[in-house]
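Chemist: Need coordinates for the following:
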Amino acid sequence: MKTIMLVCSAGMSTSLLVTKMEKAAEAEGMEAKIFAVAEAEADKHLDEIDVLLLGPQVRFLEGNMKKKLEPKGIPLGVINSVDYGMMKGDKVLDQAKDLMK
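Modeler: Predicted structure coming up:
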């Protein structure tokens with residue numbers, strides 16, 4: 001079971017993307033807990049995740065989050081803005097899996 005956290009400015013815009021990622025994970029038989037939080041809530045969940053994906057609108061958090069996650073060995077990425085905008089759950093799931101390799 002892998003835990004994937006998405007972070008966006010309010011936690012709302014990524015909720016549809018989470019649903020699409022869950023469907024993609026289910027289709028390929030991957031057990032994953034995928035959830036989205038607002039940037040203000042992200043720090044509360046850092047000890048329970050395997051990978052963190054930032055929405056394109058909060059990419060400015062990347063440096064700060066990297067400092068917090070690197071000592072824990074947790075990978076971090078910024079979701080491709082086209083995949084995000086088109087809500088391509090399968091592509092974003094692939095990105096998360098690549099980061100966890």
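Chemist: Against Ser81, how distant is Ser15?
Modeler: 18 Å (C-beta to C-beta, to the nearest Å). Backbone N, C-alpha and C define where each C-beta goes, glycine included.
Chemist: Return the list of helices and strands in contact with the helix or strand containing Lys33.
Modeler: Taking DSSP states H and E as the criterion, Lys33 maps to strand 32-38. The contact analysis (3 or more C-beta pairs under 8 Å, 6 or more residues apart in numbering; DSSP states H and E) places strand 32-38 against strand 2-8, helix 15-27.
Chemist: show me the contacts for the residue lying closest to Leu69 once chain neighbours are set aside.
Modeler: Excluding the flanking residues, the one nearest Leu69 by C-beta to C-beta, 6 or more residues apart in numbering is Leu76, at 5.3 Å. Shown in contact with Leu76 (C-beta atoms under 8 Å, 6 or more residues apart in numbering): 51-54, 62, 65-66, 69, 99.
Chemist: Make JSON lines from the residues you listed and add secondary structure to it.
Modeler: Conversion of the contacts of Leu76 to JSON lines gives the following (DSSP: H, G, I helix; E, B strand; the rest coil):
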{"residue": "Val51", "secondary structure": "strand"}
{"residue": "Leu52", "secondary structure": "strand"}
{"residue": "Leu53", "secondary structure": "strand"}
{"residue": "Leu54", "secondary structure": "strand"}
{"residue": "Glu62", "secondary structure": "helix"}
{"residue": "Met65", "secondary structure": "helix"}
{"residue": "Lys66", "secondary structure": "helix"}
{"residue": "Leu69", "secondary structure": "helix"}
{"residue": "Leu99", "secondary structure": "helix"}
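Chemist: The residue nearest to Leu69 and Asp90: what is the separation?
Modeler: Counting by C-beta to C-beta - Leu76 and Asp90 are separated by 20 Å.
Chemist: Tell me what the residue lying closest to Met100 once chain neighbours are set aside is bridged to.
Modeler: Distances taken as C-beta to C-beta, 6+ apart place Val51 nearest to Met100, at 5.2 Å, with adjacent residues excluded. Bridge pairing for Val51 (DSSP bridges) gives the partners Ile4.
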